[in-house]
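J.: everything below, folded, please.
(one chain, ligands or ions: 3)
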Amino acid sequence: MPVRLDARSPDFESRFTALLNDKRETSDDVSKAVAAIIADVQARGDAAVVDYTNRFDRVTAPSLAALKVTEADINAAEAACAPDLLAALDIAAQRIADFHARQAPSDIAYTDAAGVDLGLRWRPVEAAGLYVPGGLASYPSSVLMNALPAKVAGVARIVMVVPAPDGVLNPSVLAAAKRAGVTEIYKIGGAQAVAALAYGTETIAPVDKIVGPGNAYVAAAKRAVFGQVGIDSIAGPSEILVVADSKTDPDWIAVDLLSQAEHDSSAQSILIADDADYADAVARAVDIRLQSLPRSEIAAASWRDNGAIILVESFDAALPIIDRIAAEHLELAMDDPQALAAKIRNAGAIFLGRYTPEAMGDYIAGPNHVLPTARSARFSSGLGVLDFMKRTTLVGCSPASLAALGPSVLTLAAAEGLDAHGLSVAVRIPEQTR
Ligand SMILES: NC(=O)c1ccc[n+]([C@@H]2O[C@H](COP(=O)([O-])OP(=O)(O)OC[C@H]3O[C@@H](n4cnc5c(N)ncnc54)[C@H](O)[C@@H]3O)[C@@H](O)[C@H]2O)c1
Ligand SMILES: N[C@H](CO)Cc1c[nH]c[nH+]1
Ligand SMILES: [Zn+2]
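T.: Ligands and ions are numbered 1, 2, ... in the order given. As a prediction, this is how the structure comes out:
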């Protein structure tokens with residue numbers, strides 16, 4: 001059974017804090033294993049990546065080159081996909097590309113009152129590594145979510161890594177890559193793939209930024225290589241927080257909770273309700289659904305070990321709880337969800353109303369499904385075009401604007417005791433203005 005908390009009970013704060021502090025993502029064991037894998041990939045390059053891939057994905061690749069996907073592989077995979085699957089990928093790709101095209105930022109350029117030319121320009125990173133998870137399930141949708149913002153940003157080299165457990169890669173993953181225009185693809189995953197992208201090996205040239213979701217090993221590896229490369233937010237095991245009044249069919253809410261629980265036994269599903277009987281009905285509906293879900297073992301473990309039901313007096317009283325959970329996905333299944341959404345500060349993505357199941361965002365709505373997990377929505381955002389871009393500022397002075405502003409630089413440089421700074425301005429401006 002998931003934990004059950006009542007926001008009105010005296011022990012709520014301590015039990016809620018324990019729930020927030022769970023260590024679903026980075027146990028010491030995972031961090032240690034990941035550090036060793038990264039060090040080995042740095043030391044042995046291709047050979048280490050192949051050894052770990054053979055071990056964790058149960059394959060017998062002779063070399064990293066053998067794990068590189070060819071153009072023929074991509075075409076054969078596409079041919080193996082059913083027409084309705086390809087059509088659905090096309091619809092998703094179009095909607096995701098449209099949403100992300102609207103995120104393209106504008107440069108700034110103006111001359112200020114002192115006559116200084118000022119600007120800010122955006123440029124794409126040169127090479128991006130996309131992590132597409134694939135250990136327990138295949139995610140063609142994550143290929144589109146990772147790759148299309150990189151394309152919109154104008155990234156020149158896009159490298160995709162995706163594990164192929166037992167040597168099997170779902171053809172839809174490569175069909176999605178084809179739609180997104182990704183051609184450099186390696187069938188590798190986990191910390192070894194992240195390390196290869198960050199540090200490079202004989203076969204894989206290093207990238208500048210690594211993005212994408214993954215399990216605890218992937219999330220820990222991204223954290224560890226940050227600094228060597230940029231990373232997006234940490235998108236680890238999936239989470240959903242559903243806030244439901246008692247007017248939505250309990251079965252609908254049950255399957256929404258299970259939709260994220262079925263990703264991973266480390267996933268987390270939380271229900272906030274203002275009616276105890278309704279919460280019981282949802283819990284019963286979850287148990288019934290678990291009897292017939294194909295991935296019920298994973299979903300049941302996730303619901304039992306990480307799930308929670310929180311009872312509140314009112315949804316306004318739930319606001320601080322919602323913000324502290326800072327869920328990756330927040331569903332508001334109630335009348336007037338906009339009113340509550342307007343007051344919420346922390347959530348990766350909000351799904352409004354009874355007819356917006358979170359799965360719409362996973363596949364087709366348009367916004368990205370690579371979202372911050374493990375409370376990191378307090379300070380970070382889902383994947384987007386800006387994750388593949390960086391800003392450079394521009395400053396241009398004329399003799400007149402330098403003479404106008406230079407004396408202030410002299411004063412500030414003197415205050416900091418940095419004489420060369422002051423001199424670099426002084427030598428350029430007339431003596432009488434110094
Ligand atoms: N937040 C998001 O946007 C988002 C999107 C899709 C999926 N997800 C999450 O991504 C995760 C996918 O996980 P997954 O496992 O299916 O695929 P994955 O690709 O993230 O991980 C598989 C890899 O993990 C490594 N690994 C497994 N066991 C290991 C061990 N004992 N030691 C070292 N390395 C090991 C292996 O290298 C394997 O290739 C799930 O948690 C899912 O919830 C998140
Ligand atoms: N819910 C996942 C993000 O946490 C994304 C996904 C892909 N496919 C299905 N779901
Ligand atoms: Zn999902």
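J.: now the helix or strand containing Ala279: how far from the chain's centre is it?
T.: Under the criterion of DSSP states H and E, Ala279 resides in helix 276-290. Helix 276-290 has its average C-alpha position 30 Å from the chain's average C-alpha position, going by CA atoms, centre = their mean, to the nearest Å.
J.: now it: buried residues?
T.: 278-279, 281-283, 285-286, 289-290 (16 or more other CB atoms under 10 Å). (Each C-beta comes from the backbone N, C-alpha and C, glycine too.)
J.: do stretch 308-328 as well
T.: Along stretch 308-328, the positions that meet the burial threshold by neighbour count (16+ other CB under 10 Å) are 308-312, 315, 318-319, 321-323, 325-328.
J.: on that earlier part again, could you dump the buried residues of helix 276-290 into TSV with pLDDT and distance to Gly212 added?
T.: Shown next, in TSV, are the buried residues of helix 276-290 (pLDDT from 0 to 100; distance: CB to CB, whole Å):
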residue	pLDDT	distance to Gly212
Tyr278	98	37
Ala279	98	35
Ala281	98	37
Val282	98	32
Ala283	98	33
Ala285	98	33
Val286	98	29
Arg289	98	29
Leu290	97	29
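J.: looking at those residues, point me to the pair that's furthest apart.
T.: Tyr278 and Leu290 (18.9 Å; CB to CB).
J.: that's a helix at Val30, yeah?
T.: Yes. When classified by DSSP: H, G, I helix; E, B strand; the rest coil, Val30 is found to be part of a helix.
J.: tell me the one of the buried residues of stretch 308-328 nearest Met145?
T.: Out of the buried residues of stretch 308-328, the member with the shortest distance to Met145 (by CB to CB) is Glu328, at 13.3 Å.
J.: what is the subsequent helix or strand relative to the helix or strand hosting Lys151?
T.: Taking DSSP H and E as the definition, Lys151 sits inside helix 140-153. In the C-terminal direction, the helix or strand that comes right after helix 140-153 (DSSP H and E) is strand 157-161.
J.: smallest gap between the stretch 151-300 of the chain and ligand 2, at which residue?
T.: Of all residues in the stretch 151-300 of the chain, Ser238 sits closest to ligand 2, with a separation of 3.5 Å (CB to the nearest ligand atom).
J.: again, but for the stretch 1-150 of the chain
T.: When scored by CB to the nearest ligand atom, the stretch 1-150 of the chain has Ser141 as its residue closest to ligand 2, at 4.5 Å.
J.: now do the contacts for that residue.
T.: Neighbouring residues of Ser141 by CB atoms under 8 Å, 6 or more residues apart in numbering: 92, 176, 362-363, 369.
J.: what pLDDT does it get?
T.: Per-residue confidence (pLDDT) for Ser141: 97.
J.: swap in Lys23?
T.: At Lys23, the model reports a pLDDT of 61.
J.: taking the buried residues of stretch 308-328 together, which two end up most distant?
T.: Leu311 and Glu328 (22.2 Å).
J.: any idea how far Leu64 is from the residue of the chain found nearest ligand 1?
T.: Closest to ligand 1 within the chain is Gly190: 2.1 Å, counting by CB to the nearest ligand atom. Applying CB to CB, to the nearest Å, one obtains 14 Å for the distance of Gly190 from Leu64.
J.: those two: which has the busier surroundings?
T.: Here Gly190 and Leu64 are set side by side on neighbour count (other CB atoms under 10 Å), and the busier one is Gly190, at 28 against 22.
J.: what does the more buried one show for phi and psi?
T.: The phi and psi values for Gly190, taken as degrees, to the nearest 10, are phi 70, psi -160.
J.: what's the closest non-adjacent residue to it?
T.: Tyr217 (5.0 Å; CB to CB, 6 or more residues apart in numbering).
J.: where's that neighbour, which helix or strand?
T.: When elements are assigned from DSSP H and E, Tyr217 belongs to helix 216-225.
J.: ok, the next helix-or-strand element following that helix: who's next to it in the sheet?
T.: Scanning the chain past helix 216-225 towards its C-terminal end, the next helix or strand to appear is strand 230-231 (assignment: DSSP H and E). When pairs are called by DSSP bridges, strand 230-231 turns out to pair with strand 209-211 (parallel).
J.: which of the three states applies to Val50?
T.: Three-state call for Val50 (three-state DSSP): helix.
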